[in-house]
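K.L.:
Structure of the sequence below:
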Amino acid sequence: MAMNTAFLGLLQLLLLLLPPSLRDYLGAGPSDHRVAEQLQVYHPIILQGGFGCPKLEARLADAYTPSLPRCGALKGKGWFPLWNSTGDLLNHHYMRCFEEQMSLVFDPVINGYQNQHGVETRVPNFGSAYGFSYKDETCPFCCNVRLRNELEALGYQDGDNLFGAPYDIRHAPPRPGQYSQVYSEYFARVKDLVQNASDKNGNKPVIFIGHSFASRLILDFVNSTPLQWRKKFIKHLVLLSPTPHTGFMDVIANLVSGPRVFPFPNVPNLALRPMWWSFASSLLSLPSPMVFGHEPLIITKDRNYSAYDYPDFLAALGFSIKGVSPLTKLPPPTDMRVEAPMVPTTVLSGFGIETTKQMVFWDGNFDVSPELVYGDGDGVVNFNSVLAFTKELERQHGLENIFFKFVKIPNVAHGDITIQDHSLKIVLAEILEANS
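P.N.:
Model prediction:
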């Protein structure tokens with residue numbers, strides 16, 4: 001009992017050393033914030049959901065030639081939700097049409113990706129934190145919905161000091177020296193959104209909060225801007241379970257077995273593999289040789305494939321888009337570098353969850369379920385890659401004495417970081433600290 005009393009006394013003293021906003025928050029549960037005491041200044045927030053969260057609308061022009069008659073039923077009828085609800089797609093027997101109209105075409109002449117001929121697409125609700133939602137009813141708090149609710153309980157309001165910048169999940173930010181029309185336009189819109197959000201809130205700089213793939217996009221956006229601009233308009237980056245530039249095995253798993261990010265009941269992931277291969281984003285964040293080295297990632301009885309062997313592995317897999325192999329989109333092993341944003345940054349990531357580190361296809365048949373070998377991570381991103389990624393960010397920030405913080409949260413899965421009480425509490429505490 002005496003030991004417990006002494007420990008509690010020491011804990012109280014340690015709490016007094018924390019910033020006031022963080023100290024107050026750790027003493028409360030989610031939704032118990034006493035708003036006036038928590039935030040004296042509201043910096044505008046741009047809240048970004050992960051890969052499965054943005055919506056996509058389509059419009060079919062006369063030039064569109066459907067593979068099935070029902071796929072052309074909406075031709076000439078204006079914009080309709082293409083990627084919004086898995087239930088609607090299944091109930092209306094639109095899966096085949098969905099795959100066709102979502103797929104991109106790789107043009108080797110321009111070394112880039114375009115929509116199918118006659119298919120136009122757009123991302124709705126740009127500027128709103130409500131532009132992100134899960135596509136079925138199994139996870140009502142996914143896509144930062146619970147975090148958004150907590151921010152609104154703190155006094156944030158969508159369109160006033162809370163915003164969002166949903167994106168087209170099919171495309172990938174260009175590597176340095178390359179050009180992407182989609183991302184050139186998207187980054188220009190995000191830049192305008194940042195400036196307008198700041199102007200609307202007394203010229204206060206903006207806090208970016210991104211989960212998973214959105215964290216990567218935030219970093220790529222920030223690094224596309226002039227240093228003076230970002231120092232003026234960006235107060236802090238809060239990156240939640242980021243998919244790092246150093247890569248992770250789930251990218252390979254999606255290439256081989258089809259995407260797990262499309263939650264269609266009774267639809268095998270493998271059936272969606274051709275559509276997934278057409279996305280530029282499918283090749284983003286392959287495991288970097290600088291982190292994964294020569295360790296086998298794919299194991300077969302005839303040959304193993306490491307992070308140095310992507311061209312050979314993709315050829316063995318049969319990876320192509322309608323017969324065209326866009327391997328020119330793969331960066332060379334030495335080009336998978338990490339570029340720090342050079343603005344105050346906090347990274348939060350889970351660990352302690354079984355995460356695939358190797359896939360075994362002993363007979364070399366990539367169309368069957370593999371045997372999996374597990375390592376540490378958050379169930380999606382390998383922890384060794386997160387450690388390498390954050391170490392490099394911290395090193396670059398340290399050279400310029402710029403704030404960087406890495407918060408490791410044990411036993412929290414990739415998608416649960418803004419859902420579970422314990423991890424959500426930590427996330428909100430870091431947001432409050434960034435706001436101070």
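K.L.:
where in the stretch 101-250 of the chain is pLDDT low?
P.N.:
176-177 (pLDDT under 70).
K.L.:
For it, just list every one of the strands.
P.N.:
In the stretch 101-250 of the chain, the strands defined using DSSP state E, counting those that start in this stretch lie at 104-107, 112-115, 119-122, 162-163, 206-211, 234-240.
K.L.:
can you check the stretch 251-400 of the chain too?
P.N.:
For the stretch 251-400 of the chain, the strands defined by DSSP E, counting those that start in this stretch cover 298-299, 304-305, 345-351, 353-360, 371-377.
K.L.:
Between those, which one is closest to Ile45.
P.N.:
Proximity to Ile45, assessed across these by Cβ to Cβ, is greatest for strand 345-351 (13.4 Å). Quick note: C-beta positions are derived from backbone N, CA and C, even for glycine.
K.L.:
neighbouring contacts of that closest one?
P.N.:
For strand 345-351, the surrounding residues in contact (Cβ atoms under 8 Å, 6 or more residues apart in numbering) are 236-242, 376-379, 381, 383, 386, 390, 393, 397, 402-414, 416-417, 423, 426-427, 430, 433-434.
K.L.:
what's the spacing between the residue nearest to Arg96 when sequence neighbours are not counted and Leu272?
P.N.:
Once flanking residues are discounted, Arg96 sits nearest to Leu68: 6.1 Å by Cβ to Cβ, 6 or more residues apart in numbering. Using Cβ to Cβ, to the nearest Å, Leu68 is found at 17 Å from Leu272.
K.L.:
Between the two, which has more neighbouring residues?
P.N.:
Leu272 (22 against 11; other Cβ atoms under 10 Å).
K.L.:
For the closest residue to Gln178 other than its chain neighbours, give its distance to Gln157.
P.N.:
Among residues not flanking Gln178 along the chain, Asn111 sits closest, at 7.9 Å (Cβ to Cβ, 6+ apart). Distance, Asn111 to Gln157, by Cβ to Cβ: 43 Å.
K.L.:
Also Ser184?
P.N.:
For Ser184 relative to Gln157 (Cβ to Cβ), the value is 31 Å.
K.L.:
Over to Ile234?
P.N.:
Taking Cβ to Cβ as the measure, Ile234 falls 21 Å from Gln157.
K.L.:
More neighbours: these two, which one.
P.N.:
Using other Cβ under 10 Å, the more surrounded residue of Ile234 and Gln157 is Ile234, with 25 against 11.
K.L.:
which residue is nearest the middle of the protein?
P.N.:
Geometric centre of the chain, nearest residue: Phe213, 1.2 Å, by Cα atoms, centre = their mean.
K.L.:
Surely that residue and Thr243 touch.
P.N.:
Yes. Between Phe213 and Thr243 there is a contact at 5.3 Å, judged by Cβ atoms under 8 Å.
K.L.:
Grab the longest helix from this protein for me.
P.N.:
Ordering each helix of the chain by length in residues (DSSP state H) puts helix 181-200 first.
K.L.:
Which residue comes closest to Phe213 once chain neighbours are left out?
P.N.:
Nearest to Phe213 is Phe51, by Cβ to Cβ, 6+ apart, at 4.0 Å.
K.L.:
Which residues are in contact with the one you found?
P.N.:
169, 212-214, 261, 281 are the contacts of Phe51 under Cβ under 8 Å, 6+ apart.
K.L.:
at 7 Å instead, please
P.N.:
For Phe51, the contact set (Cβ atoms under 7 Å, 6 or more residues apart in numbering) comprises 169, 212-213, 261.
K.L.:
same thing with Gly78?
P.N.:
Residues in contact with Gly78 (Cβ under 7 Å, 6+ apart) are Arg59.
K.L.:
if I look at it, how far off is Arg122?
P.N.:
Using Cβ to Cβ, Gly78 is found at 12 Å from Arg122.
K.L.:
Spatially, and excluding backbone neighbours, which residue is closest to Asn384.
P.N.:
Nearest in space to Asn384, with sequence neighbours left out and distances taken as Cβ to Cβ, 6+ apart, is Val291 at 6.3 Å.
K.L.:
For the stretch 151-300 of the chain, which segments count as helices?
P.N.:
For the stretch 151-300 of the chain, the helices defined by DSSP state H, counting those that start in this stretch occupy 181-200, 213-223, 227-233, 250-257, 273-277, 289-292.
K.L.:
For Phe141, which of the ones you listed is the nearest?
P.N.:
Comparing the helices of the stretch 151-300 of the chain against Phe141 with Cβ to Cβ, the closest turns out to be helix 213-223 (16.4 Å).
K.L.:
Report all helices and strands that that closest one contacts.
P.N.:
When contacts are defined as 3 or more Cβ pairs under 7 Å, 6 or more residues apart in numbering; DSSP states H and E, helix 213-223 sits against strand 45-48, strand 206-211, strand 234-240.
K.L.:
can you list the residues that contact it?
P.N.:
Against helix 213-223 from outside (Cβ under 7 Å, 6+ apart): 48-51, 167, 173, 187, 190, 208, 210, 230, 234, 237, 239-240, 242-243, 245, 285, 339, 341, 343.
K.L.:
ok so, going back, tilt between the longest helix of the chain and strand 206-211?
P.N.:
Taking axes from the mean of the first three to the mean of the last three Cα atoms, to 10 degrees, helix 181-200 and strand 206-211 form an angle of 130 degrees between their directions.
K.L.:
so helix 181-200 versus strand 234-240, what angle?
P.N.:
In terms of direction (the same axes, to 10 degrees), helix 181-200 departs from strand 234-240 by 120 degrees.
K.L.:
what does helix 181-200 rub up against?
P.N.:
Helix 181-200 has contacts (Cβ under 7 Å, 6+ apart) with 44, 46, 126-127, 163, 165, 167-168, 171, 173-174, 204-206, 221, 224-225, 233.
K.L.:
and the residue nearest to Phe213, helix, strand or coil?
P.N.:
Here Phe51 is recorded as coil under DSSP: H, G, I helix; E, B strand; the rest coil.
K.L.:
separation between it and Tyr64?
P.N.:
Counting by Cβ to Cβ, the gap from Phe51 to Tyr64 is 26 Å.
K.L.:
Same question for Thr345.
P.N.:
Going from Thr345 to Tyr64 by Cβ to Cβ gives 43 Å.
K.L.:
Looking only at neighbour counts, state which of those two leads.
P.N.:
Neighbour tally, Thr345 and Tyr64, criterion other Cβ under 10 Å: the higher count belongs to Thr345, 26 against 21.
K.L.:
beta partners for the more buried one?
P.N.:
Bridge pairing for Thr345 (DSSP bridges) gives the partners Leu237, Phe404.
K.L.:
One more: the one 5 residues further on?
P.N.:
Using DSSP bridges, the bridge partners assigned to Gly350 are Ile409.
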